[in-house]
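Q: My questions concern the predicted model and sequence given below.
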2 protein chains.
Amino acid sequence: MPTNLQVVLARRPGPGPLTSDCFALREAALAEPADGQIRVKIAYVSLDPAMRGWVNDTRSYMPPVGIGEVMRAYSAGHVEASRHPDFKEGDAVQSVLGVQQYAVVKGSGRVIKVDTAKAPLERWVGGLGMPGWTAYFGLLEVGQPKEGETVVVSAASGAVGSVVGQIAKIKGCRAVGIAGGPDKCRYVTDVLGFDACIDYKAGNIAARLAEACPNGIDVNFENVGGDILDQILPRMNTFGRVAICGLISGYNATEPMPGPSTFRAILTQRLTVRGLIVTDWAPRIREAVAQLGEWHAGAKLKIREDVRTGGLGAFVETLNLLYTGGNNGKLVLKV
Amino acid sequence: MPTNLQVVLARRPGPGPLTSDCFALREAALAEPADGQIRVKIAYVSLDPAMRGWVNDTRSYMPPVGIGEVMRAYSAGHVEASRHPDFKEGDAVQSVLGVQQYAVVKGSGRVIKVDTAKAPLERWVGGLGMPGWTAYFGLLEVGQPKEGETVVVSAASGAVGSVVGQIAKIKGCRAVGIAGGPDKCRYVTDVLGFDACIDYKAGNIAARLAEACPNGIDVNFENVGGDILDQILPRMNTFGRVAICGLISGYNATEPMPGPSTFRAILTQRLTVRGLIVTDWAPRIREAVAQLGEWHAGAKLKIREDVRTGGLGAFVETLNLLYTGGNNGKLVLKV
């Protein structure tokens, strides 16, 4: 009987970095799709910062992954068996399919067919997938950048940040990235085309921000939080917008993280600070897919994946690269 | 020669509570109004939490009061001499006229004529003045309360908070106040008509908030910041709005205040947090004056002043009551 190797949550983790003993590999029986379902053979699992939050038993934007449940993930693969009229064997798809070899799911609108002639399969869970949609709606709807404004984005070489800055350029803004180390910063400016990139590991962020943003900051797309956000808020222009997409610097904290010490700038500069989760735009995902695909085809959007080949057994250690900045580009696990 | 007693900023204060030696009393010559100007004899000076920020030499929404300049304040009085066609002797007016006995100013649209038959003069720098306008625009434009929603406001017995909660009730919301001590809380519920009021001095704010807000919090109108905001954010409903009007708990801080430790709720609950300064709605002030006046006339808006009679020499000690909660109602200094 064919089996399905799955990564399941074995116990609820405490605060701090995830450890392998929180997860277990399980061999489950491979189910046949029922009427209306499809079976997908998963090729790539997207590893995202939000995963750290999904396993905490705290109030959040979706229920936590349950003990014994397959770890939640966006994944991409090919339809292997279909009992749904919209899908046929061989279709390349992406959806929330979990960290496993196979997924048997309803063939609903949440399963998105992708064109691997236009971009490799792994890119459809990366820059053209959820991280790309997040950048698209987060920057355009929450950030509302206007031509000539300055947009700052942290984790600028990452899956979301790299797309944010490139869309900012497409919209006629000055794009300033923040990333860790000279290699990432060079990639952000020389390959992605940002106007400047600040290496937060080189220190003196305040002076570098002032230099890179001579007209202040109109839009901050926040992926990191912590010290960097402290430095950004006082440099925001009046009526500036802050899109809170991620606060990765605090995800593995063992104590509650204080909010930004410069919180008062929200008042004095009348900033609008708004949290965003991409699923809030679920009815408009196809718009993002189409627009990002068009920019990608027109070479206006450069995307890089960091595909790791350790397999499902390496899930935790690979995921943890995200929180130490150990990845280069969108982190993807090959199944 | 007639003179004008003024409170001027004598030196730039350091962090911490204001001390009397930062200000000096000065007897200046009383000027005659030039063409287009009016002279106002000031009767009441409004003492507002924002004053603490106005004397700091830091980036803010308006330039700091300069050394040797008259302390900035909203004041009300009567026109004593006019060389402007729109104003005549005896008109009751309010405007930013400073902490002094007389003000000679341009008779511009920023000087607002008020009707003392409808409300006593001191009320026109209180609930029907800048604090009332702040409540009006802050709640309706930033908070955007919908019928049936829950609105929480801190410093609920204060000049701004008391109006916020009453407008929330007018709009069909559940109004929950936070105030210090049983007397203030009783006033908020029994006189102002809020649905509940939490005494933050009685401790256990988390449990009391949960009890007072069984359906969560949709709008938080923040006047205080600090520990109370920490407790409020995690109880906000998805897509809730936080109007940052004041952060008085930190105004006298000697160290930078950390932001809310529950800052992450902005992301997980996709809150919109927006700073507000009433002058951003300057072109619409007359709308607020008219609407507040109508509610006041219809007994839908109850307002209480705490008029102190110590005179200009008691400016600092009277102002400092605001930061310790020592006032009962809108704090006004009689000149």
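A: Received, thanks. Residues are numbered from 1 along each chain as shown, chains lettered A, B, ... in the order given.

Q: Do a quick rundown of the strands in the stretch 51-200 of chain A.
A: Assigned by DSSP state E, counting those that start in this stretch, the stretch 51-200 of chain A shows strands spanning A:74-82, A:92-96, A:102-106, A:112-113, A:150-154, A:174-179, A:196-199.

Q: got CSV for the ones you listed, with distance to residue B:155 too?
A: All C-beta spots, glycine's among them, are computed from the backbone N, C-alpha and C. Output for these, formatted as CSV (distance: least, Cβ to Cβ, whole Å):
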stretch, distance to residue B:155
strand A:74-82, 45
strand A:92-96, 44
strand A:102-106, 51
strand A:112-113, 49
strand A:150-154, 33
strand A:174-179, 37
strand A:196-199, 39
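
Q: Please name whichever of these is nearest to chain B.
A: Comparing those against chain B with Cβ to the nearest Cβ, the closest turns out to be strand A:150-154 (13.6 Å).

Q: Can you list the helices and strands that that closest one packs against?
A: The contact analysis (3 or more Cβ pairs under 8 Å, 6 or more residues apart in numbering or on different chains; DSSP states H and E) places strand A:150-154 against helix A:159-170, strand A:174-179, strand A:217-222, helix A:227-232.

Q: The longest one near chain B anywhere?
A: No - legend: contact between helix A:159-170 and chain B by Cβ under 8 Å from any Cβ of the partner chain is lacking; minimum distance shown is 13.1 Å.

Q: can you tell me the average pLDDT over that helix?
A: Helix A:159-170 shows a mean pLDDT of 97 in the predicted model.

Q: how much space between the single nearest residue of chain A relative to chain B and residue B:49?
A: Nearest to chain B in chain A, going by Cβ to the nearest Cβ, is residue A:259, at a distance of 2.5 Å. Separation of residue A:259 from residue B:49 (Cβ to Cβ, to the nearest Å): 21 Å.

Q: State the number of residues packed around the residue of chain A closest to chain B.
A: Using other Cβ atoms under 10 Å in any protein chain shown, residue A:259 is surrounded by 26 other residues.

Q: just checking, it touches residue B:257?
A: No - applying Cβ atoms under 8 Å, one finds residue A:259 not in contact with residue B:257, separated by 9.5 Å.

Q: Mean pLDDT added to the strands of the stretch 51-200 of chain A, as JSON lines?
A: Listed next are the strands of the stretch 51-200 of chain A as JSON lines, based on pLDDT from 0 to 100:
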{"stretch": "strand A:74-82", "mean pLDDT": "97"}
{"stretch": "strand A:92-96", "mean pLDDT": "96"}
{"stretch": "strand A:102-106", "mean pLDDT": "97"}
{"stretch": "strand A:112-113", "mean pLDDT": "92"}
{"stretch": "strand A:150-154", "mean pLDDT": "98"}
{"stretch": "strand A:174-179", "mean pLDDT": "98"}
{"stretch": "strand A:196-199", "mean pLDDT": "98"}
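
Q: any chance of these in JSON lines, plus mean neighbour count?
A: Conversion of those to JSON lines gives the following (neighbours: other Cβ atoms under 10 Å in any protein chain shown):
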{"stretch": "strand A:74-82", "mean neighbour count": "21"}
{"stretch": "strand A:92-96", "mean neighbour count": "22"}
{"stretch": "strand A:102-106", "mean neighbour count": "19"}
{"stretch": "strand A:112-113", "mean neighbour count": "15"}
{"stretch": "strand A:150-154", "mean neighbour count": "30"}
{"stretch": "strand A:174-179", "mean neighbour count": "27"}
{"stretch": "strand A:196-199", "mean neighbour count": "23"}
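
Q: mind checking which of these is nearest residue B:7?
A: Among those, strand A:150-154 comes nearest to residue B:7, with 40.6 Å by Cβ to Cβ.

Q: What residues does the stretch 201-335 of chain A have near chain B?
A: A:225, A:234, A:238, A:244-247, A:250, A:256-277, A:280.

Q: Now which of those would you call buried?
A: Neighbour counting with 16 or more other Cβ atoms under 10 Å in any protein chain shown marks A:225, A:234, A:244-247, A:250, A:257-277, A:280 as buried within those.

Q: Can you list which of those residues are found in strands?
A: Among these, the members found in strands (DSSP state E) are A:244, A:272, A:273, A:274, A:275.

Q: Can you convert those into JSON lines and add a column each for pLDDT and distance to residue B:289?
A: Output for those, formatted as JSON lines (pLDDT from 0 to 100; distance: Cβ to Cβ, whole Å):
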{"residue": "A:244", "pLDDT": "97", "distance to residue B:289": "36"}
{"residue": "A:272", "pLDDT": "98", "distance to residue B:289": "26"}
{"residue": "A:273", "pLDDT": "98", "distance to residue B:289": "30"}
{"residue": "A:274", "pLDDT": "98", "distance to residue B:289": "31"}
{"residue": "A:275", "pLDDT": "97", "distance to residue B:289": "35"}
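
Q: Spatially nearest residue to the residue of chain A closest to chain B (excluding sequence neighbours)?
A: Spatially, and ignoring its direct neighbours in sequence, residue A:259 is nearest to residue B:259 (2.5 Å; Cβ to Cβ, 6 or more residues apart in numbering or on different chains).

Q: No further questions, thank you.
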